[in-house]
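*Asks:* this one's structure only:
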């Protein structure tokens, strides 16, 4: 049966690939986006696009009301929205640090908490959080981003224990370096240096991340919760 699926930050990059994958499978998909406009093909697929800044609790509440009105209670939540403000620690401002945490970690708390209202009533639900290999390995100049993405692991595992008896699963996907608009702005030298660290010798594809997310939301993954699934070409080795 078609499920109500919400993907935050679903208008580009990995989030867009995830939204497309669920829509292609016949699910009722909604995406949130903070800026810009969702691609025309996404709208053509019948995907509901809702403008929402996940750092604003009122916007999160309003977004859920719109999704619930049109698609019903969210049954699958993919918390993907995130930002970066890379800077060496000595130059990183407190605002740089708190802004990344407020979006990537606290923003995820906001959307997960709101989704669980309906999931608890239904006594079922799937939540997938998009972390990063950087949250597991660390990366110079990304202390704020790494802290936010590492925090998602503890968050998901705590909720897996708290709500497992309600048939709600919480899992984490940790992508490595993926070929998206964000990584395409790197120089050829930077891209070559990154690929040299990856055992499979290439960037990942957004569709490969989406496939892992779809699996975790499928019936086949009904006994998986609290897991961290690396999709990183071997870069982190599940560290």
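*Replies:* Looks like it came in fine. From a predicted model like this one, the values you see are computed outputs, not experimental measurements.
*Asks:* okay, now the nearest residue to residue 8 once chain neighbours are set aside: neighbour count?
*Replies:* Leaving aside its sequence neighbours, residue 8 sits nearest to residue 81 (C-beta to C-beta, 6 or more residues apart in numbering; 3.9 Å). To be clear about C-beta, it is placed using only N, CA and C from the backbone, and glycine gets the same treatment. Other residues near residue 81 come to 25 when the count uses other C-beta atoms under 10 Å.
*Asks:* wait, residue 101 touches residue 144, no?
*Replies:* Yes: Residue 101 is within contact range of residue 144, at 6.7 Å (criterion: C-beta atoms under 8 Å).
*Asks:* compare these two (neighbour count), which wins?
*Replies:* Neighbour tally, residue 101 and residue 144, criterion other C-beta under 10 Å: the higher count belongs to residue 144, 23 against 16.
*Asks:* nearest the geometric middle of this protein, what residue?
*Replies:* A centroid search over the chain (C-alpha atoms, centre = their mean) returns residue 80, at 2.1 Å, as the residue closest to the centre.
*Asks:* what sits against residue 186?
*Replies:* With contact set as C-beta atoms under 8 Å, 6 or more residues apart in numbering, residue 186 has these partners: residue 194.
*Asks:* strand partners (parallel or antiparallel) of the longest strand seen in the chain?
*Replies:* Secondary structure of the chain per DSSP state E: the longest strand is strand 168-175. Using DSSP bridges, strand 168-175 pairs in its sheet with strand 125-130 (parallel), strand 228-231 (parallel).
*Asks:* if anything else comes up later, I'll come back, but that's it for now.
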